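Trainee: Could you look at this predicted model? Sequence included:
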Amino acid sequence: MTDFQRAARFFYLQQQSFGGKVAGQTFGTATTAPAMNLLRIEESLSAAHLRMAGGTYIEQLDWTLCIDCYDRVHTLFYLGPPYWETEGYGMPFERKHYESMAKKLKEIKGKAVISINDHPAIRACFKDFEMEALRLDYTVGDEANRVECGELVIYSWVRSEEPAGLF
């Protein structure tokens, strides 16, 4: 399979998989929502392409290598590390990795936004950064059993001093 074919297959599987799981994918069984029309997958790929065509780069690199490669004053990094104390991302991500991320964010020229679950260990690790706490309902797989959870949005810069026009 070519890289392009693998990317298209991954896109399709993510579109179809339940809850966006990368490992242990299953498919939803609801009978009320319309199923994805496979004849329109080209349109979905095209729409994704158009959203990302304006200067967005996706790399299959270790996050530190990606930052080292693209760090410029005008760069905005979005980091979505594995949630603290969760599994199933396909690779281990230990406390030392979060600590390395916090250290790296202090050194970058650009800006970075991190979204992650709200946990005391994460707050301690990123204590030197501006954080925004959000309350969200997790419903993947079971609308009847909503679970209220905390999310953190962590910023590598002081937004009041340097508004970025993001939100």
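Mentor: Thanks, I have the structure now. Residues are numbered from 1 along each chain as shown.

Trainee: just so I have it, where are all the helices in the chain?
Mentor: Taking DSSP state H as the criterion, the chain carries its helices at 3-16, 41-52, 63-70, 95-107, 120-125.

Trainee: list the contacts for Phe126?
Mentor: Tyr98, Ala102, Ile114, Leu152, Ile154 (Cβ atoms under 8 Å, 6 or more residues apart in numbering). From N, CA and C alone the C-beta is placed, and that goes for glycine too.

Trainee: of these, closest to Lys127?
Mentor: Ala102 (8.4 Å; Cβ to Cβ).

Trainee: Now for that closest one, how many residues are close by?
Mentor: Ala102 is flanked by 19 other residues according to other Cβ atoms under 10 Å.

Trainee: Repeat that for Leu61.
Mentor: Around Leu61 there are 12 residues (other Cβ under 10 Å).

Trainee: and what of the one 4 residues further on?
Mentor: Other residues near Leu65 number 10, with proximity taken as other Cβ under 10 Å.

Trainee: That one and Asp71, how far apart?
Mentor: 11 Å (Cβ to Cβ, to the nearest Å).

Trainee: residues contacting Tyr155?
Mentor: By Cβ under 8 Å, 6+ apart, Tyr155 lies in contact with Lys111, Ala112, Val113, Phe129, Glu130, Met131, Glu132.

Trainee: let's see it at 6 Å
Mentor: Glu130 (Cβ atoms under 6 Å, 6 or more residues apart in numbering).

Trainee: Please report how far it lies from Pro92.
Mentor: Taken as Cβ to Cβ, the span from Tyr155 to Pro92 is 26 Å.

Trainee: How about Leu45?
Mentor: Applying Cβ to Cβ to Leu45 and Pro92 gives a distance of 31 Å.

Trainee: Who has more neighbours out of those two?
Mentor: Legend: neighbour count by other Cβ under 10 Å for Leu45 and Pro92, higher for Leu45 (15 against 8).

Trainee: Quick check: nearest residue in space to that one, chain neighbours excluded?
Mentor: Phe11 (6.3 Å; Cβ to Cβ, 6 or more residues apart in numbering).

Trainee: likewise Glu151?
Mentor: Leu134 (4.4 Å).

Trainee: Let's see the pLDDT reported for the one you found.
Mentor: Per-residue pLDDT puts Leu134 at 92.

Trainee: I'd like to know the beta-bridge partner residues of Leu136.
Mentor: Using DSSP bridges, the beta-bridge partners of Leu136 come out as Cys149.
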